[in-house]
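Colleague: Kindly generate the corresponding structure for this input.
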Amino acid sequence: MDVQRSVAVIVAGILIVTFVVLVVVMTAVVSRASTGALARNQWAGIRTPSTMRSDQAWVAAHRAAHRLTPLYVLWAAVADAALVLAIVRTWSVGVVMSIAVAAFAVFLVVAVCSAALAGRAAKAIDNDTEGKASRNS
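Modeller: Numbering: from 1, shown residues only. I've put the predicted structure just below:
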């Protein structure tokens, strides 16, 4: 096995593990936050001004984002399958890195869509809360 091939296999292996860990962490955080098991915090979860406004907004936001969790799993499966194929077919490091860049781009798009859904859900909760408060006064 030449050096180029060895580097491609090592890089692909590291990326496969990275994508698996990333999808497990994302799924766990969104799932726990959507049930209220992960309280509003400054470190984990979807932290936008609207999602951080209240505990109700936090949970509603993560419930909305939880609907896209299967896309993260699908993304990781496709990315990892492509990387395994790169190992089996002895593709170059350049091809492996191209797969990685494309996979991270897709991940970023799904994450932005999740945050947008979460923001809308959180704002809807805030609007409902404000509407009820004004009706009760």
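Colleague: was I right about A65 contacting G119?
Modeller: No - counting by CB atoms under 8 Å, A65 does not reach G119; the two are 9.5 Å apart. For every residue, glycine as well, the C-beta is placed using N, CA and C.
Colleague: Report the contact partners of L22.
Modeller: Taking CB atoms under 8 Å, 6 or more residues apart in numbering, we find L22 in contact with 76, 107.
Colleague: Just say helix, strand or coil for it.
Modeller: Three-state assignment for L22 (DSSP: H, G, I helix; E, B strand; the rest coil): helix.
Colleague: likewise A12?
Modeller: Classification of A12 using three-state DSSP returns helix.
Colleague: One more: T90?
Modeller: T90 - assigned by three-state DSSP - is coil.
Colleague: R5 is in contact with that one, correct?
Modeller: Yes - with contacts counted by CB under 8 Å, T90 reaches R5, the gap being 5.8 Å.
Colleague: returning to what we had before: which residues are common contacts for A65 and G119?
Modeller: I46.
Colleague: neighbour-wise, which of these two wins?
Modeller: A65 (28 against 19; other CB atoms under 10 Å).
Colleague: so how far is G13 from V106?
Modeller: 20 Å (CB to CB, to the nearest Å).
Colleague: Pop out the phi and psi values for G45.
Modeller: phi 110, psi -180 (degrees, to the nearest 10).
Colleague: Just give the closest residue to it, not the sequence neighbours.
Modeller: In space, and not counting its chain neighbours, G45 is closest to A33: 4.7 Å by CB to CB, 6 or more residues apart in numbering.
Colleague: Nothing else from me, thank you.
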